[in-house]
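Enquirer: have a look; sequence and predicted model below, questions after that.
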Amino acid sequence: MVGITSYGGYIPWYRINRMTIYSAMGWLNPASMLPGEKAVANYDEDSLSMAVNASMDCLNGLGREKIDGLYFATSTAPFTERQCGGIIATALDLRPDIRTSDFTGSLRAATTALLSACDTIKAGSAKSIMLCAADCRLGKAGGYQEEMYGDGAAALLLGEKGVIASLEGSFSLSYDFMDHWRSEGERYSRSWEDRWIRDEGYGKFIPEAISGLMKKYNLSPKDIAKVAYPCMYTRAHTGIAKQLGFKPDQIQEHMFTTVGHAGAAYPLMILVAALEDAKPGDKILVASYGNGSEAMFFEVTKEIENVRDRKGIKRNLASKKDLPSYERFSTCREVFTIDTGGRGEELGEISASQVWRQRREFLGLVGSRCKRCGTPQYPPQHVCAKPDCGAIDEMEDYRFSDKKATIFTYTGDSLAFSPNPPATYGIVNFDGGGRFLMDFTDCDLDMLKVGLPVEMSFRMKMRDKRGVSGYFWKATPIRA
Amino acid sequence: MPEGIKDKVAIIGMGCTRFGELWDKSGADLMVEAFKECMEDAGIEKKDIDVAFWGCCFPQGGLSGLPLSQLLKLPFIGVTHVENLCASGTEAFRAATYAVASGASDMALAVGVEKIKDTGYGGLPSFGATIAQANFTAPGAFAMLATRYFATYNLSPEEGKRAIGRVSVKSHHNGTLNPKAHLHREVTLDDVVNAPIIAWPLGLYDCCGVSDGSAAAILVRAKDAKKFRPDPVYIKALQIAISSGEEIMYTDFDLAHVESTRRAGIRAYQEAGIKNAREEISMAEVHDCFSITEAVTMEDLQFSPVGRAREDIESGFFDLDGKLPVQPDGGLKCFGHPIGASGLRMIYEMYKQLQGKADPRQIKNPKLGLTHNLGGFPQGNVCSVAIVGL
């Protein structure tokens, strides 16, 4: 049996009410008004960092030694040449002798990656593969896409042991349907007329894939507990399920008004949301949309009860902070150039050879633990930091990224440049030992106090003058 | 325990520029100005100097001994650039002291300088963001000391801010009496407490001036000192303590005090033969980069019992007319803080006070003066303590 063995989710802390966007930019395009809110990646997030955080959620309590591959799906890869999957695998502290790949170029990249991962496992080339998907798309100011797009990520661990939902079948459709496109070097995507997309693409390909799947596997709507697929137009979303014979309570809630259209991550995010509520025996049908459609169905097993301790979608959705203005949203996503002041331009340069040498330290937050006295320490040390120990070169690797910590001291610094001032940082003491001075993120100064529990979150720390992104970990108050 | 440096070396001349935002002066201009005053004060000629050390944290004219040697046209002697963050000036002074004490040199020059106001932005120069380092500044690093201090001694932010705020009120007063100081303005406790926040909980008036300036000293062996002047000032102790890194990595450290200051203080008192610092030290110039730093330093140097500096600060114990005046020249707070010059500037004030030449700031019959620098941040730093006296 091959299928999902664990799941995880990530939704940025910040949300913006679409009316806030409309109030600022609706004058340009009065027809762009949409209901609800959408999730907004913070200034230090991108699709890669969100994918790491969703994967960390997915790995909660699980060993990493037996993971043989990592696939990453996105339409907004921060690099076109430098594999994101390799960065993510290092951040997750996976073994290096694994298969990694990026799936991109289409909003159905994640379902294609999912099927490829399961095929790899079925073929015996791997026993366990981590699949993560994230997107962080930007629409032009004042356009429909700006309101529609939301940011988020999901992760699935796929394997053959401890399967919580087995992959029972799939049906793929590939069409060169040019509803959205983004050519090389372009920051924003372009699209054809909405009515054409809705009626000839979205409204046709998902039904074609789902009915193709149901015919192929001899399923009828009553066999399915939940049907999950992305939403681009709320009325058309309901219409698709109705047309296929599903009842309203079989349709997985679309999150269009809470997260927004999360691009390539979208089908995985709604699948994770469906798994959170699923019970053993449920059949869950999920379909993607983009240059065609892919539909597949899973059968939930009783193992699902073993992976309930996840932030997933529900807890991430519940933990949020409303951005008060369009300007704050625009600053998060670098829509316009803000004045960083001279200090904000004083960036160090990232050395590729140093980042390579210290990859586990920087990307994986791997420090050391003294084999003589057991003291964990970060950054990794040659000489033990415990005053009465002092052992030299008797260290073993010790990963901090999955440890919780408490704030020992902190400040909110208005002199340091931050796109979200004041810059918050402090010294944290890790549960189990270890102390480190680190940046905080996704918090306001008045939320911080000595003794507050925090956890590690993977972030884009800086982008140097040569365009090299440096990723590192920051501390955040524990989200719900 | 080593024999120590006590009474082996004497200061026979010193110079110090005005500190401030000296837009029309380069670091070289400032070093020459301090050097000239120092030479006139010592009554010596340049050819008498046989070794020189210069302390500077952000050297504009390049590294090595060359910038100082070529500036002053020193006669092919040994010149060395030293750097130890905010203790760089005291480090140059220490190198000069050791050179003379060892007998390798008869007369040594120590110069400290910093030209900060050429960066184009406020505050100290940024070291530039790096991947694993938090996006922190000096005010933020010391704000974390305040957060720890307040949490450890159960002070609300309001109580804590008022306690440390009184430090700045005192130093602003002293600064008004000093023509060479950067800032000349009295402030009230309400001004300090209500000032805009720079790094929570520290406000504008909890932070010292960011200034340009230079200071210099000429040292000879103690037995030769009276050949040059009747009132030389003798070095009683000179200690540097550098963080081991344990404070920032090992969770037993409370970070409500500065370990290196405690250790440097203990060693300096041993070297100088001081049993009770609170009673025996006549005056001090400590590293008040921030008000909290001065408050915590009062405890770390044993001037106040641990956790109780507040009582002495509030009773006026450290005021100019108090029992143990601290920052008689206005301190980093108001004299200003050109990094590499600050250590020598502090010794300059002790030197003038001990000679009875401190004009309206003169402290009555001082015997021993202490100076203290703290470079880096409270959780990982370079600390120097010097004691000079008659």
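Expert: Ah, there it is. Numbering: from 1, shown residues only, chains lettered A, B, ... in the order given.
Enquirer: the strands in the stretch 251-400 of chain A, which residues?
Expert: With DSSP state E, counting those that start in this stretch as the criterion, the stretch 251-400 of chain A has strands at A:283-289, A:292-300, A:321-322, A:366-370, A:376-377, A:395-399.
Enquirer: show me how far the longest one is from its chain's centre.
Expert: What that stands for is strand A:292-300. Relative to the chain's own centre, strand A:292-300 is displaced by 20 Å; criterion: CA atoms, centre = their mean, to the nearest Å.
Enquirer: report the rounded mean pLDDT for that strand.
Expert: Model confidence over strand A:292-300, given as mean pLDDT, is 98.
Enquirer: elements contacting that strand?
Expert: In terms of contacts (3 or more CB pairs under 8 Å, 6 or more residues apart in numbering or on different chains; DSSP states H and E), strand A:292-300 is packed against helix A:109-122, strand A:165-174, helix A:203-216, strand A:283-289. (C-beta placed from N, C-alpha, C; glycine too.)
Enquirer: the fourth one now?
Expert: For strand A:366-370, the contact count by 3+ CB pairs under 8 Å, 6+ apart identifies strand A:376-377, strand A:395-399 as packing neighbours.
Enquirer: try the third one
Expert: The elements that strand A:321-322 packs onto, with contact taken as 3+ CB pairs under 8 Å, 6+ apart, are strand A:14-17.
Enquirer: for the strand it packs on, which strands pair with it and how are they oriented?
Expert: Sheet pairing of strand A:14-17 (DSSP bridges) gives strand A:37-40 (antiparallel), strand A:321-322 (parallel).
Enquirer: let's have these in JSON lines, adding mean neighbour count.
Expert: Formatted as JSON lines, the strands paired with strand A:14-17 follow (neighbours: other CB atoms under 10 Å in any protein chain shown):
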{"stretch": "strand A:37-40", "mean neighbour count": "26"}
{"stretch": "strand A:321-322", "mean neighbour count": "14"}
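Enquirer: my guess is B:D329 contacts B:S342. True?
Expert: No - counting by CB atoms under 8 Å, B:D329 sits too far from B:S342 to count as a contact (11.1 Å).
Enquirer: okay, those two: which has more neighbours?
Expert: B:S342 (34 against 26; other CB atoms under 10 Å in any protein chain shown).
Enquirer: who touches A:R435 in this structure?
Expert: By CB atoms under 8 Å, 6 or more residues apart in numbering or on different chains, the residues touching A:R435 are A:F408, A:I427, A:V428, A:N429, B:I248, B:M249, B:Y250, B:T251.
Enquirer: same check, this time on B:S156
Expert: B:S156 neighbours (CB under 8 Å, 6+ apart): B:F150.
Enquirer: so what's it scoring on pLDDT?
Expert: Reported pLDDT for B:S156: 96.
Enquirer: the stretch 1-150 of chain B against chain A: which residues are in contact?
Expert: Counting by CB under 8 Å from any CB of the partner chain, the stretch 1-150 of chain B comes close to chain A at B:119-123, B:125-137, B:139-140, B:143-145, B:147-148.
Enquirer: mind doing that once more with 6 Å?
Expert: B:120-121, B:123, B:126, B:128-132, B:134-137, B:139-140, B:143-144, B:147-148 (CB under 6 Å from any CB of the partner chain).
Enquirer: returning to that earlier point: mind putting the helices and strands packed on strand A:366-370 into CSV with distance to chain B, mean neighbour count and mean pLDDT?
Expert: Formatted as CSV, the helices and strands packed on strand A:366-370 follow (distance: least, CB to the nearest CB, whole Å; neighbours: other CB atoms under 10 Å in any protein chain shown; pLDDT from 0 to 100):
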stretch, distance to chain B, mean neighbour count, mean pLDDT
strand A:376-377, 5, 25, 98
strand A:395-399, 12, 17, 98
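Enquirer: A:I121 is nearest to which of the strands of the stretch 251-400 of chain A?
Expert: strand A:292-300 (14.3 Å; CB to CB).
Enquirer: show me what contacts the closest residue to A:R459 other than its chain neighbours?
Expert: The shortest distance from A:R459 to any non-neighbouring residue, by CB to CB, 6 or more residues apart in numbering or on different chains, is to A:D44 (4.2 Å). A:D44 makes contacts with A:T441, A:R459, A:M460, as judged by CB atoms under 6 Å, 6 or more residues apart in numbering or on different chains.
Enquirer: okay, A:D44 and chain B: tell me how far apart.
Expert: Going from A:D44 to chain B by CB to the nearest CB, to the nearest Å gives 10 Å.
Enquirer: using the three-state scheme, assign that residue.
Expert: coil (DSSP: H, G, I helix; E, B strand; the rest coil).
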